[in-house]
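>>> Next comes the sequence, and after it the predicted model I'd like to discuss.
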Amino acid sequence: MVEAVDRIQAVNDFFAQLDLELEQFADVRLEAVRELRSQGWSYDRIARETGLSKARVAQLVKEIRRG
């Protein structure tokens, strides 16, 4: 019983750390999108050049505006 709880806690700790790491990567991507938009790139161009969908680019830009 205790071993199962220990495993769950270990996985929870791992996921928490992973979430922090992923957040840092997300910030890097947001900054890059911000840069491209400031250089006049359209949503279409960003999507085409990065492999993101145009809808995802729009979501990221909206997130930038909120932040």
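Now that the structure is in, tell me what you want to look at.
>>> quick one, helices of this protein?
2-38, 43-50, 54-66 (DSSP state H).
>>> and the first one with helix 43-50, angle?
Same thing as helix 2-38. 120 degrees (axes from the mean of the first three to the mean of the last three C-alpha atoms, to 10 degrees).
>>> In helix 2-38, which residues are buried?
V33, R34, L36, R37 (16 or more other C-beta atoms under 10 Å). C-beta here means a position set from N, CA and C on the backbone, and glycine is covered the same way.
>>> Pipe the helices of the chain into a markdown table and attach mean pLDDT per row.
Output for the helices of the chain, formatted as a markdown table (pLDDT from 0 to 100):
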| stretch | mean pLDDT |
| --- | --- |
| helix 2-38 | 96 |
| helix 43-50 | 98 |
| helix 54-66 | 97 |
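>>> Between which two of the buried residues of helix 2-38 is the distance greatest?
R34 and L36 (7.5 Å; C-beta to C-beta).
>>> spatially speaking, which residue is in the middle of this structure?
In the chain, the residue lying closest to the centroid (C-alpha atoms, centre = their mean) is A26, at 2.9 Å.
>>> Return the distance of that residue relative to R7.
28 Å (C-beta to C-beta, to the nearest Å).
>>> and if you look at Y43?
44 Å.
>>> before we move on, back to that, right, and out of the buried residues of helix 2-38, which lies closest to R56?
Once C-beta to C-beta is applied, the member of the buried residues of helix 2-38 that ends up nearest R56 is V33, at 9.7 Å.
>>> Could you check how far the closest one is from E21?
Following C-beta to C-beta, the distance that separates V33 from E21 is 19 Å.
>>> And for L60, the neighbour number?
Residues lying near L60 (other C-beta atoms under 10 Å) number 20.
>>> which residues sit in contact with the residue nearest to it when sequence neighbours are not counted?
Closest residue to L60 apart from its sequence neighbours, by C-beta to C-beta, 6 or more residues apart in numbering: V33 at 4.9 Å. Contact analysis of V33 by C-beta atoms under 8 Å, 6 or more residues apart in numbering lists I46, V57, L60, V61, I64.
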